[in-house]
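# Next input, structure requested:
(chains A and B)
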2 protein chains.
Amino acid sequence: MPKQNNIVIIGGTACGPKAAARARRCDPNAKITIIEQGEDLSTATCGLPYYVSGVIDNEDIMVARQSDYFKIIMDMEVLTETRATAIDPGAHTVEIIDLKTQQRSTVTYDKLVLATGSTPAVPDWKGKDLEGIFTVTDIPDANAIRGYLSKLGDKKEVVIVGAGLIGLEMAEAFVSKGCHVTILEALDRVLPTLLDPDIAAHVEKHLQSKGVKVICGQRVSGFQGDENGRVRKVLAGNTGLEADLVLLSLGVRPDVALAKAAGLAIGATGGLAVNKYLQTSDPDIYAGGDCVENVNLITRKMMLAPMGSTANKHGRIIGTNVTGGHDTFPGVPGAAIVKVFDYNVGRVGLNESQAREAGYDTLISIVPAFEHASYYPGAREIIVKIVAEKSTGKLLGGQAVGMGDAAKRIDVLATALSFGATVEDLANIDLAYAPPYNSALDPLHHAANVIRNKLSGYARTLTPAEVKQKLEEGDRFVLLDVRSPMEWQEQRIEAEQTRLIPLPMLRRKLGELSRDEEIVIYCQTSVRAYQAQRILDGAGFKNVTFMDGSLAAWPYETTFKTRGK
Amino acid sequence: MPKQNNIVIIGGTACGPKAAARARRCDPNAKITIIEQGEDLSTATCGLPYYVSGVIDNEDIMVARQSDYFKIIMDMEVLTETRATAIDPGAHTVEIIDLKTQQRSTVTYDKLVLATGSTPAVPDWKGKDLEGIFTVTDIPDANAIRGYLSKLGDKKEVVIVGAGLIGLEMAEAFVSKGCHVTILEALDRVLPTLLDPDIAAHVEKHLQSKGVKVICGQRVSGFQGDENGRVRKVLAGNTGLEADLVLLSLGVRPDVALAKAAGLAIGATGGLAVNKYLQTSDPDIYAGGDCVENVNLITRKMMLAPMGSTANKHGRIIGTNVTGGHDTFPGVPGAAIVKVFDYNVGRVGLNESQAREAGYDTLISIVPAFEHASYYPGAREIIVKIVAEKSTGKLLGGQAVGMGDAAKRIDVLATALSFGATVEDLANIDLAYAPPYNSALDPLHHAANVIRNKLSGYARTLTPAEVKQKLEEGDRFVLLDVRSPMEWQEQRIEAEQTRLIPLPMLRRKLGELSRDEEIVIYCQTSVRAYQAQRILDGAGFKNVTFMDGSLAAWPYETTFKTRGK
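Purely as a prediction, here's the structure:
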């Protein structure tokens, strides 16, 4: 009989339990031990904002598997409320401490799995330990927030520091609890590491429509409390924001202290370095989940991808490999989706800013569209932005935002990006069509075709941000609105540069436009504007563009003051 | 100045107008003529069932573009209520007849586009021309059905012949209009060319729960009418079904009469043969939409794909190519999605039956799952079935059915299939995760991993259909239910072979099972059943399998009579 394989797993949230379960299925006879410092294994920490809001009203349903499941059914040793304090890779041992009894002991391993996750990034701000300042990473955190909120009474000024995924989810949670919420973000936009400014602007607008105050570009310098040690103010810039409760959501950092102390290689991202087998620099130690770095499938560079979805995939691969298998993880395009009140907000791959930083020559398209056939009831809008490499047409990434089904489009893009799709590939994918589910052409097809039109030189555009800048700077050009007079009456961009020539009249009214002046065309979604550009092209106009996405993609104010001559 | 390109397009529903619009954008100076026998261009015929039901209450909104759009904005000649009667490829001419005046004339072309679509397949059944027997392909058809229904009063027996996409959509429409609906299908299941029997059975069960009577395996032989020439009976087998209205929905056939008469090559599928540029056997004649055949991306054989989505993609490519471009169409994996009352039903690629017919050695998985995190409110179930090639792990196709979001999974599969994905690829795609949108692992990830578990020999299964057959045939084996006693009380498979050993007791109760007998395990979704199989494997049992998808994927009766010894 072969020697029993002795597998020790540190971390019991997502990657750890998944690795343990997979290892058990691959090797019914292995000795498997899970070490977790909290009370529970397999907690669904991604559900915490919904537990704070009360959408999920019972913390128990966020514990996917009770410890007994792992003990009795999976035949494992489960050490909860136990912390690993040191690893000796040479001796193949882990020092642990029982947090209930403070008793220390040593466990040995043949294969060790590090699934130590991440911890909230909190700068060393003055006053950061005042009562009423929270982070949210586990069920006790969420319970503490719920408890504190319930004591606040009617007056509930909440300041959220950091407009990332958790910050926005928590904003909705606090609003649903009757709080007045302000989001403070040091960078220039919400979801700054995920979205481009022109897409983030739509999210910000939606947040404001829900009563959330969004302040970007302001750095926090500290907090002030009252005589009871409770937070009262968030200090940012020259001002102090009143706060009865503060949530710090500045993202997470890989928890690599144990690994570092054991001499394992750490990557430049700050995450544990692993190879495609998810093996660390010590071949008997594997690692996965939030604590490791991943290959970005687009740039092939290392990145952090602290997502429960990735952690679960890592777990299965590690479970296979610690029991003798050779499974590999390809990396991630970096998909994310978040519910922000009534908006679905998703992204995958590189956004335009990231693509440019990475040195790509980019083309983008911004396409507003209905999620399904507009004539079928209940069609909600989304705005899709995709980014491609100009020289190859290769898809680099995409973003989608709106009340309509953004998630489906992000998942299609994630799949396409995993296979190195070009915009031509994307334009021809046979996405399932019936009126309750889609239009004959998906918004992604349109988005891909707009980029193809740009590649072939047929379409030439300015982004809404570029048009806004031209208007703000008082540039001389014609901003040509080709919609109907009725649409013009309802809403338009008010500026001295704006003129209305409805598309059906355009061919007859060419004489009213000068062939020498710059013309930028817009309509509602850019379908008519593109057509108008082609009509002017055909008539010999030389300086014509249209605005990407037109009014439906315009997140800015619509009135621009006339400049003096 | 170069000679003006003279483009003539026959057919004005989907591919034709799209080709025309694209050609105009590519060549602002081309002469473009559209010939359409109906009154309108660009009608959204996929919306017809919803117009019959009244979900869409205005026929006008199904006309995407009025003729004036093409005339005035697109600067085209639009000949509606005009039929093309002959093509002379040598002379580059088309004979046409104005259906209003019966006047005949000839148009010339440089490039001709055939977008002649398809016509409903109707066998030469006796009585098929009785009043009250309909097909539904255009707005006049839908209006005729609405009108006939309104005259029927309370007694409305509707028989739908053919359980394809349109048949099922129309069943819902008729039920919503207060009709009593029977569906007659000659083959053994609903959606027989799209779904496997085990997935179709779920759709059939749902139809029945909505009061629709489904009769499969019965061929229609004709119709009987009353003294006024109105249909009264559908004759099928030895019986006659009472019918006040009959809908024939037996699929469509490519409309290739014109092309055939002109000597153009027709493929074995009955569709017009085109190359990747969508060029027919005459290089100056292009064709697209329902009338052509397509490359099946999985088998690389030709197939028919009469879908508005494909027609639109064809149209763009043709518009490019008739104006000097060289765009290509890669083919389709054959995606379809249909709303059947509260069920979303989709498929793409090859189903198991088709894969076997095509000679593949297949592995399948059937995975019941929630559409998003089960702890987040409103999670609805879907059942996913995927099919892969055993020797390569290559994905061949997938099906999804249930109240949950099936469309997203079909679109991800369609994308993965377009790039020749394996189940390993599928298992690692970074699909976007947050609790309102998905679980950490998507149902597709689970489905891919089940097949990987089969490939590695860890998982061994029988399908629900195979288990049912064993029970019906009175096989000797143990059908082991490993759920909780409470679940067992609520619902179980009642048969003398069934035994309950809840999973947490299994390790202790191994002595109660014989190592020699065949054991088939089930639970609710097969997560526990797989775990139980691995426990028995580890204990040295040699003849153990579990049931794919378990009770959640079981569409059959649950009671089996005890056989005599």
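# okay, which residue is most central for chain A?
Nearest residue to the geometric centre of chain A (CA atoms, centre = their mean): A:Ala336, 3.9 Å.
# can I assume that residue is in contact with A:Gly346?
Yes: between A:Ala336 and A:Gly346 there is a contact under CB atoms under 8 Å: 6.5 Å. C-betas here are computed from N, CA, C, even on glycine.
# Give the residues shared as contacts by the two.
Residues within reach of A:Ala336 and of A:Gly346 at once, by CB atoms under 8 Å, 6 or more residues apart in numbering or on different chains, are B:Ala432.
# And the helices in the stretch 251-400 of chain A, which stretches?
With DSSP state H, counting those that start in this stretch, the ranges of helices along the stretch 251-400 of chain A come out as A:257-261, A:308-321, A:352-357.
# Would you mind finding the most buried of the ones you listed?
Mean neighbours per residue, mean count of other CB atoms under 10 Å in any protein chain shown, is largest over those for helix A:308-321, with a mean of 27.
# Please name every helix or strand in contact with that one.
The contact analysis (3 or more CB pairs under 8 Å, 6 or more residues apart in numbering or on different chains; DSSP states H and E) places helix A:308-321 against helix A:15-26, strand A:285-287.
# Check whether the lowest-mean-pLDDT helix or strand in chain A comes near chain B.
Least confident element among the helices and strands of chain A, by mean pLDDT, DSSP states H and E: helix A:67-68 (a mean of 83). Yes: contact of helix A:67-68 with chain B (CB under 8 Å from any CB of the partner chain) involves A:Asp68.
# Extract the C-alpha trace of stretch A:23-36 and format it as PDB.
Taking Å, rounded to 0.1, in the frame of the first residue of the first chain, the C-alpha atoms of stretch A:23-36 are listed here in PDB:
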ATOM      1  CA  ALA A  23      -8.100  16.500  -3.300                       C
ATOM      2  CA  ARG A  24     -10.500  14.200  -1.400                       C
ATOM      3  CA  ARG A  25     -12.300  13.200  -4.600                       C
ATOM      4  CA  CYS A  26      -9.000  12.600  -6.400                       C
ATOM      5  CA  ASP A  27      -7.500  10.600  -3.500                       C
ATOM      6  CA  PRO A  28     -10.000   9.000  -1.200                       C
ATOM      7  CA  ASN A  29      -7.200   7.900   1.200                       C
ATOM      8  CA  ALA A  30      -5.200  11.100   1.600                       C
ATOM      9  CA  LYS A  31      -4.900  12.800   5.000                       C
ATOM     10  CA  ILE A  32      -6.300  16.300   4.600                       C
ATOM     11  CA  THR A  33      -6.200  19.000   7.200                       C
ATOM     12  CA  ILE A  34      -7.700  22.500   6.800                       C
ATOM     13  CA  ILE A  35      -6.500  25.300   9.100                       C
ATOM     14  CA  GLU A  36      -8.800  28.400   9.300                       C
END
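# Run the contact check for that stretch versus chain B.
Yes: applying CB under 8 Å from any CB, one finds stretch A:23-36 in contact with chain B at A:24-26, A:28-29.
# out of those residues, which one sits closest to chain B?
Distance to chain B, by CB to the nearest CB, is smallest for A:Pro28 among the residues of stretch A:23-36 next to chain B, at 2.4 Å.
# ok, the closest one - how many residues close by?
When neighbours are defined as other CB atoms under 10 Å in any protein chain shown, A:Pro28 has 15 of them.
# For it, list the residues it contacts.
By CB under 8 Å, 6+ apart, the contact list for A:Pro28 reads B:534-535, B:537-539.
# Put together TSV for those residues, with neighbour count on each row.
Shown next, in TSV, are the contacts of A:Pro28 (neighbours: other CB atoms under 10 Å in any protein chain shown):
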residue	neighbour count
B:Arg534	21
B:Ile535	23
B:Asp537	17
B:Gly538	17
B:Ala539	15
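# Which pair of these spans the longest distance?
Largest separation among the contacts of A:Pro28 by CB to CB: B:Arg534 and B:Ala539, giving 9.7 Å.
# where in the stretch 201-350 of chain A is pLDDT low?
Along the stretch 201-350 of chain A, no part satisfies pLDDT under 70.
# got the residues of it near chain B?
Counting by CB under 8 Å from any CB, the stretch 201-350 of chain A comes close to chain B at A:297, A:305, A:307-313, A:316, A:329-330, A:332-339, A:344, A:346, A:348.
# let's see it at 7 Å
By the rule CB under 7 Å from any CB of the partner chain, the part of the stretch 201-350 of chain A lying against chain B is A:307-310, A:312-313, A:316, A:329-330, A:332-333, A:335-339, A:346, A:348.
# What residues does the stretch 51-200 of chain A have near chain B?
Checking the stretch 51-200 of chain A against chain B by CB under 7 Å from any CB, the hits are A:55-56, A:61-62, A:72-73, A:75.
# Restrict the residues you listed to the buried ones and give me that as a ChimeraX selection.
To isolate the buried subset of these in ChimeraX, counting by 16 or more other CB atoms under 10 Å in any protein chain shown, use the following:
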select /A:55,56,62,72,73,75
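# Name the nearest of the residues of the stretch 51-200 of chain A next to chain B relative to A:Ala84.
Nearest to A:Ala84, judged by CB to CB, of these is A:Asp75 at 21.4 Å.
# before we move on, back to that, residues making contact with the least confident helix or strand of chain A?
Residues outside helix A:67-68 that contact it (CB atoms under 7 Å, 6 or more residues apart in numbering or on different chains) are A:40-41, A:78, A:80.
# what would these look like in JSON lines with secondary structure?
Shown next, in JSON lines, are the contacts of helix A:67-68 (DSSP: H, G, I helix; E, B strand; the rest coil):
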{"residue": "A:Asp40", "secondary structure": "coil"}
{"residue": "A:Leu41", "secondary structure": "coil"}
{"residue": "A:Val78", "secondary structure": "strand"}
{"residue": "A:Thr80", "secondary structure": "coil"}
